[in-house]
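> fold the following.
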Amino acid sequence: MENSLSIALANLASVSVLVFILGFVAARFKSDIRIPDPVYQIISVYLLFGIGLKGGVSLTHSSAQGMVKPVIATIVLGCLIPALAFYSLKYIKNINEVDRGAIAAHYGSTSLVTFTAALVFLDNSEISYEGFATALLTIMEIPGIIVGIFLATRHLNRKVSWGTSLKEIVLGKTIILLVGGLIVGAISGDAGYARVEPFFVNLLPGILALFLMHLGYLAGVRINIIKESGIRLFLFAIIFPLVAGTLGVIGGYLAGLSVGGATILGVLSASASYIAAPAAVSIALPEANPSLSITTSLGVTFPLNLTIGIPLFYAIAQLLIG
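Predicted structure coming up:
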């Protein structure tokens, strides 16, 4: 327990957390330190492909049999979490069914940056995890969005373009780069990865820090929308990811994952998408208010996971497994 506490305190003083706070504070003081959009897109591609590539190489050292239970647990969580979010939001009176479904889709999906921050946290703490973790990220990305959209559209008097929405999910930048990276990494193996490792591994913490500063700025700009939506939505964005993350850790424990692997599944379950989900939801649910979904996921849940969630889920995993 003392080890978990020291790791948690170290995380609060890490560069990742501090640069996010810097971006948030700068936004509140009206100082524009956001990254230009072209640079933001380059960093997004770097993170997506780099994580996929590393996961693909690690897959070559993993057995297919060892992946069965974790994959099943991930799919179950990917369907369960958006349903729980949708029905939990029922108690917030000023949010209609469409917005509930949109928010549920965001919370059912995953955050690549939160996942990356969790990997950096585990690597810095010298905590091992399964090589197929990136595959779990990719798997959980899809069912959460589909379930959220389905729950929102059950009573709409119009046809939902499922073909277009699914195309946006499956062929969107997130899935293509992650899956593409997994395939390239699995084919090239250790020898091929060694040639690009300095770029995709050594530079990752620094590039991630710039990205987190930008996200901190965006969170600081959008935080006022949460105030307008009321205290209940704010409490949902805090309490629900902690509950979902705990379910993820328990799922990882039941699936036989290591402490690091269960921590990652907990982080994936607690995270909320603000890259893949908004694109798919905007097509399937044009009536939804995107400010509610993006602001809760980015403005409240993301900093919560970055500062408290990741070390908390590690402590729970260590308590169950360690």
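> got the contact list for stretch 56-72?
With C-beta atoms under 8 Å, 6 or more residues apart in numbering as the test, stretch 56-72 has contacts from 130-136, 139, 181-190, 193, 252, 254-257, 261, 265. Yep, even glycine has a C-beta here, placed from its N, CA and C like the rest.
> how far away is G266 from V259?
As judged by C-beta to C-beta, to the nearest Å, G266 and V259 stand 11 Å apart.
> give me the below-cutoff pLDDT ranges for the stretch 51-200 of the chain.
Scanning the stretch 51-200 of the chain for pLDDT under 70 picks out 155-163, 165, 168-169.
> all strands of it, in order?
Under the criterion DSSP state E, counting those that start in this stretch, the stretch 51-200 of the chain contains no strands.
> circling back: overlap in contacts of G266 and V259?
A317.
> about what we covered before: filter the contacts of stretch 56-72 to the buried ones?
130-136, 139, 181-182, 184-186, 188, 193, 252, 255, 257, 261, 265 (16 or more other C-beta atoms under 10 Å).
> in helices only, show me these.
Members of these lying in helices (criterion: DSSP state H): 133-136, 139, 181-182, 184-186, 188, 193, 252, 261, 265.
> neighbours around N224, how many?
12 (other C-beta atoms under 10 Å).
> and the one 4 residues further on, by the same measure?
As a burial measure, the neighbour count of E228 was computed by other C-beta under 10 Å and equals 10.
> helices and strands around the one helix or strand it maps to, which ones?
According to DSSP states H and E, E228 maps onto helix 204-229. Applying 3 or more C-beta pairs under 8 Å, 6 or more residues apart in numbering; DSSP states H and E, one finds that helix 204-229 contacts helix 15-28, helix 37-59, helix 112-124, helix 231-254, helix 290-294, helix 302-304.
> I321: which of these is closest?
Of all the helices and strands packed on helix 204-229, helix 231-254 sits nearest to I321, with 5.8 Å by C-beta to C-beta.
> now the closest one: buried residues?
So, applying 16+ other C-beta under 10 Å, buried residues of helix 231-254: 233-234, 236-237, 240-242, 244-253.
> swap in stretch 114-123?
In stretch 114-123, counting by 16+ other C-beta under 10 Å, buried: 114-122.
> do the same with stretch 190-208
By neighbour count on 16+ other C-beta under 10 Å, the buried set for stretch 190-208 is 193, 200, 204-205, 207-208.
> likewise for stretch 41-50?
43-44, 46-50.
> what lies in contact with that stretch?
For stretch 41-50, contacts defined as C-beta under 8 Å, 6+ apart pick out 35, 112-113, 116, 173-174, 177-178, 180-181, 200, 204, 207-208, 210-211, 275.
> pull it out as CSV, backbone CA atoms only.
Taking Å, rounded to 0.1, in the frame of the first residue of the first chain, the C-alpha atoms of stretch 41-50 are listed here in CSV:
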residue,chain,number,x,y,z
GLN,A,41,-2.9,16.4,-36.2
ILE,A,42,0.7,15.3,-36.6
ILE,A,43,1.0,14.5,-32.9
SER,A,44,-2.3,12.6,-33.1
VAL,A,45,-1.0,10.4,-35.9
TYR,A,46,2.3,9.9,-34.1
LEU,A,47,0.6,8.7,-30.9
LEU,A,48,-1.9,6.5,-32.7
PHE,A,49,0.6,4.8,-35.0
GLY,A,50,3.4,4.6,-32.5
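> okay, the helices and strands packed on helix 204-229 in a markdown table with distance to H106 next?
Output for the helices and strands packed on helix 204-229, formatted as a markdown table (distance: least, C-beta to C-beta, whole Å):
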| stretch | distance to H106 |
| --- | --- |
| helix 15-28 | 19 |
| helix 37-59 | 17 |
| helix 112-124 | 13 |
| helix 231-254 | 10 |
| helix 290-294 | 5 |
| helix 302-304 | 11 |
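> of these, which is nearest A104?
Checking these against A104 by C-beta to C-beta gives helix 290-294 as the closest, at 9.1 Å.
> lowest-confidence one in the buried residues of stretch 41-50?
Of all these, L48 has the smallest pLDDT value, namely 82.
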